[in-house]
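*Asks:* here is my input, please return the structure:
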Amino acid sequence: MSAVLEKRMGRGEATRERILEIAETAVLAKGFGATSIDEVIAEAGLTKSGFFYHFKDKNALARESSADMSRPTISPSTKSSRAATSYPMTRCRRSLFH
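*Replies:* Residues are numbered from 1 along each chain as shown. So this is what the prediction gives:
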């Protein structure tokens, strides 16, 4: 996550976003069951208490991640927002449930 974005969001919110990004990457790569909290916190450079400050448990992380990924995203390389809208949640659901 960039330093500019971290300043704009605030440190706590930036940490939460970083956790979500790391978890999403891990879940898409190997599935929800194979992704551990220990793996996510090691990659994020956090302690367990730091993780649990932001999320009650792994399921809370999954709910937040799926809610976040269900919102459309806009590709910066495309000027037309309609053409650039995609739903990454479809990829995540396939990874979680197949």
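*Asks:* residue 16 reaches residue 50, doesn't it?
*Replies:* No: using C-beta atoms under 8 Å as the test, residue 16 is too far from residue 50 to be in contact (10.3 Å). Heads up, the C-betas are built off the backbone N, CA and C, glycines and all.
*Asks:* give the next helix or strand downstream of whichever strand or helix holds residue 20.
*Replies:* Per DSSP states H and E: residue 20 is located in helix 11-30. Remark: after helix 11-30, the chain's next helix or strand is helix 37-44, criterion DSSP H and E.
*Asks:* now do that following helix: which elements does it pack against?
*Replies:* Secondary-structure packing of helix 37-44 (3 or more C-beta pairs under 8 Å, 6 or more residues apart in numbering; DSSP states H and E): helix 11-30, helix 48-54, helix 58-69.
*Asks:* go again with 7 Å.
*Replies:* The contact analysis (3 or more C-beta pairs under 7 Å, 6 or more residues apart in numbering; DSSP states H and E) places helix 37-44 against helix 11-30, helix 48-54.
*Asks:* quick check: mean pLDDT of that helix?
*Replies:* Mean pLDDT, computed over helix 37-44, is 95.
*Asks:* which positions in it come out as buried?
*Replies:* Buried residues in helix 37-44, counted by 16 or more other C-beta atoms under 10 Å: 37, 40-41, 44.
*Asks:* tabulate the CA atom coordinates of that helix in PDB.
*Replies:* Once non-C-alpha atoms are left out, helix 37-44 reads as follows in PDB (Å, rounded to 0.1, in the frame of the first residue of the first chain):
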ATOM      1  CA  ILE A  37      -4.500 -16.200  10.100                       C
ATOM      2  CA  ASP A  38      -0.900 -16.800  11.000                       C
ATOM      3  CA  GLU A  39       0.000 -16.600   7.400                       C
ATOM      4  CA  VAL A  40      -1.900 -13.400   6.900                       C
ATOM      5  CA  ILE A  41      -0.400 -11.700   9.900                       C
ATOM      6  CA  ALA A  42       3.100 -12.800   9.000                       C
ATOM      7  CA  GLU A  43       2.800 -11.300   5.500                       C
ATOM      8  CA  ALA A  44       1.200  -8.100   7.000                       C
END
